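# I'll drop the sequence and a predicted model, then ask my questions.
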Amino acid sequence: MKLSTTLLLLSILLASCSPATEKPASPLLGTWELIAATSTEKDSTYSTFNPKTRMIKIISPTHFAFFLHDLDMGKDTSAAAFSSGGGTYTLKDSAYTENLEYCNFREWEGHQFDFTVTVKNDTLTQRGLEKIEKLGIERIITERYKRAAR
């Protein structure tokens, strides 16, 4: 009898744990593939998307990473490309801030980049300022990604 009472109480306790009390997963989580990119410097806006490369961004609950490489696997050395980086991020509503800890362009490491992000269906749009004074970089970037995986 004690065992059945214990099991009944345990069942009631487990049933009372509602998933609604859990924090919903961020729609940013997953793997994203870059499909469009522009930069605006002063009064000039231009595309920075190169269809001869592939870039993915991976976002976990605490970190992000990006990887870009050319599609011909470096065979054309004049067009060979590879870049990568990552670090931590914060997200509050649509305010997304990347803290770049690792990058093959080492002078970019240790910088913070503030963006506004939106996710609509399977599209992530990220827009914000890239500014590194010592490199003379100050531009607004807009990147659009399609979801590759959750």
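Thanks, I have it. Numbering: from 1, shown residues only.
# what's near enough to touch the residue nearest to the spatial centre of the chain?
The chain has Ile59 as the residue nearest its centroid, 4.6 Å off, counting by C-alpha atoms, centre = their mean. Counting by C-beta atoms under 8 Å, 6 or more residues apart in numbering, Ile59 touches 26, 28-32, 89. Bear in mind the C-beta positions are built from the backbone N, C-alpha and C, glycine included.
# so where's the protein shaky on pLDDT?
Residues of the chain meeting the criterion pLDDT under 70: 1-23.
# ranges for the helices of it?
Secondary structure of the chain (DSSP state H): helices located at 2-16.
# on that earlier part again, pull out the buried members of the contacts of Ile59.
Among these, those classed as buried by 16 or more other C-beta atoms under 10 Å are 28, 30, 32, 89.
# quick one: the strands in the protein?
30-41, 44-47, 53-59, 63-70, 82-92, 95-103, 111-120, 123-132, 137-149 (DSSP state E).
# and the closest residue in space to Gly74 that isn't next to it in sequence, how many neighbours?
Nearest non-adjacent residue to Gly74, counting by C-beta to C-beta, 6 or more residues apart in numbering: Ala80, 4.2 Å away. By other C-beta atoms under 10 Å, 12 other residues sit near Ala80.
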